[in-house]
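# next input, structure requested:
(one chain, ligands or ions: 2)
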Amino acid sequence: MRDRLAEIHDRAAQAVDPDAWHYLSRGAADGLSVSEAEAAWAHWRLRPRVLRDVSRVDTSVELFGSWATPIGVAPTAFHGLLTAEGEVATAAAAQRVGAPMVLSSRSTRLIEDVAAQIDGPWWFQVYLMRDRSITDRLIERAAAAGASAMVLTGDTPYVGYRAPNPAAARPIPLTAEQSLVNVADYLPDDGSDPWESIDQRPDQTLADIDRIARIADLPVIVKGVLRGDDALACLDAGAEGVWVSNHGGRQLDRALPTAVALPEVVRAVGGAAPVLADGGIRSGLDALTALALGAQAVFAGRPVMWGLAADGVDGATEVLGGLTDELRHVMGLAGVNSLAALERSLVAPA
Ligand SMILES: Cc1cc2nc3c(=O)[nH]c(=O)nc-3n(C[C@H](O)[C@H](O)[C@H](O)COP(=O)(O)O)c2cc1C
Ligand SMILES: O=C(O)C(=O)c1ccccc1
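Residues are numbered from 1 along each chain as shown. Ligands and ions are numbered 1, 2, ... in the order given. Take a look at the predicted model:
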């Protein structure tokens with residue numbers, strides 16, 4: 001998958017506007033966390049079992065829904081930058097593969113149009129916006145359109161500093177119509193700045209977990225957790241899952257890589273709730289490592305965006321399907337034929 005992904009990455013880089021490419025690629029500050037994320041998975045080694053029947057290897061998983069694969073679509077903003085159909089294309093790819101799809105609060109297509117592509121559940125990512133009532137309406141609409149969980153992103157009280165593209169003439173090439181598609185009806189018409197009311201809300205707290213769970217009447221997963229004690233604080237506050245992530249290295253630079261933070265979070269949670277993970281997942285081996293370390297599912301951010309940019313629905317399908325095929329292959333080689341048979345003893349530090 002690595003060579004296929006490299007090829008898709010290069011085609012995507014040619015296909016999209018340079019400012020859009022910079023937006024999706026860059027990390028925060030010095031870019032340490034973004035460059036470290038991928039390499040960190042390879043600091044683990046596998047301890048395979050022999051002579052297990054792997055003639056059938058089952059990658060299906062139950063997690064706030066039933067999925068054919070534990071490799072899902074991480075919530076990422078503005079798919080309209082990558083392909084004309086935007087998030088509608090992403091959802092169609094997730095549907096084809098049976099992968100969990102998380103729709104970003106910052107999508108460029110209507111929540112209802114994205115949901116219509118998926119024959120079953122999907123999850124909605126929540127950003128708390130300055131005007132809380134706008135967030136609340138998005139949550140209600142997502143729940144009405146078939147979301148089965150809310151993913152509250154906790155690591156983005158405001159957007160991290162990312163160096164601008166030195167060659168950029170302008171900000172990312174997105175029309176106001178695209179960026180405001182889900183919120184246009186709720187914006188003030190008193191002449192005030194429309195972007196102000198949908199900006200990130202820095203005063204978010206653990207109490208927002210329960211608030212969102214009540215509005216949606218759905219389980220809340222907190223995304224961006226990097227510490228065991230924080231995972232427990234989120235669960236105490238009503239979360240039903242935690243998602244280990246450093247936001248693809250785009251928020252706090254030098255934040256721990258997921259491959260380092262995941263074991264601590266899994267140990268602290270102790271099976272009380274599912275633990276999910278993202279960051280630098282680029283192969284079936286990366287996914288296998290994360291799942292053996294105790295994640296119930298893993299998510300790809302940029303690779304799905306590369307697929308969309310390179311080849312629309314087919315490209316995103318190739319990425320999700322290719323990662324899943326490779327996961328199935330390496331599970332068999334490790335002597336495991338189901339996700340339930342994956343356990344911590346299959347991995348050791350290098
Ligand atoms: C261009 C871009 C936009 C993103 N937008 C969001 C977002 O809207 N909400 C969110 O919770 N995370 C967002 N993320 C973070 C991803 O959900 C995920 O944590 C990260 O991309 C995973 O790392 P990976 O890109 O190495 O797979 C974004 C990431 C990228 C690259
Ligand atoms: O760019 C991002 O990583 C992100 O999460 C975001 C935050 C606010 C608006 C758009 C994207």
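# what ranges does this structure have for its strands?
Using DSSP state E, the strands found in the chain span residues 44-46, 61-62, 66-67, 71-73, 102-103, 122-126, 147-153, 220-225, 241-244, 275-278, 297-300, 347-349.
# what sits up against stretch 323-331?
1, 54, 57, 59, 68-71, 97, 99, 281, 283-285, 287-288, 291, 300, 303, 337, 342 (CB atoms under 8 Å, 6 or more residues apart in numbering). Glycine gets a C-beta too; all of them are placed from N, C-alpha and C.
# give me the nearest residue to Gly249, chain neighbours excluded.
Using CB to CB, 6 or more residues apart in numbering and skipping residues adjacent in sequence, the residue nearest Gly249 is Val34, 3.0 Å away.
# wait, what's in contact with that neighbour?
If you count contacts by CB under 8 Å, 6+ apart, then Val34 has Arg26, Gly27, Ala28, Gly248, Gly249, Arg250 around it.
# which single one of those is nearest to Trp195?
Arg250 (19.2 Å; CB to CB).
# so who does Ala89 touch?
Ala89 touches His79, Thr83, Leu308, Gly312, Val313, Ala316, counting by CB under 8 Å, 6+ apart.
# can you turn the buried part of the contacts of Val34 into a ChimeraX selection?
Filtering the contacts of Val34 down to the buried ones (16 or more other CB atoms under 10 Å) takes a single ChimeraX command:
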select :26,27,28,248,249,250
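# rebuild the contacts of Val34 as JSON lines, extending it with distance to Gly160 and pLDDT.
Compiled in JSON lines, the contacts of Val34 are given as follows (distance: CB to CB, whole Å; pLDDT from 0 to 100):
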{"residue": "Arg26", "distance to Gly160": "10", "pLDDT": "95"}
{"residue": "Gly27", "distance to Gly160": "8", "pLDDT": "96"}
{"residue": "Ala28", "distance to Gly160": "4", "pLDDT": "97"}
{"residue": "Gly248", "distance to Gly160": "10", "pLDDT": "98"}
{"residue": "Gly249", "distance to Gly160": "9", "pLDDT": "98"}
{"residue": "Arg250", "distance to Gly160": "6", "pLDDT": "98"}
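# among the contacts of Val34, which are in reach of ligand 2?
Arg250 (CB under 6 Å from any ligand atom).
# so which residues on this protein come close to ligand 2?
Residues of the chain lying near ligand 2 (CB under 6 Å from any ligand atom): Ala77, Arg106, Thr156, Val159, His247, Arg250.
# could I get these as CSV with distance to Gly191?
What follows is these, written out as CSV (distance: CB to CB, whole Å):
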residue, distance to Gly191
Ala77, 27
Arg106, 24
Thr156, 28
Val159, 25
His247, 34
Arg250, 33
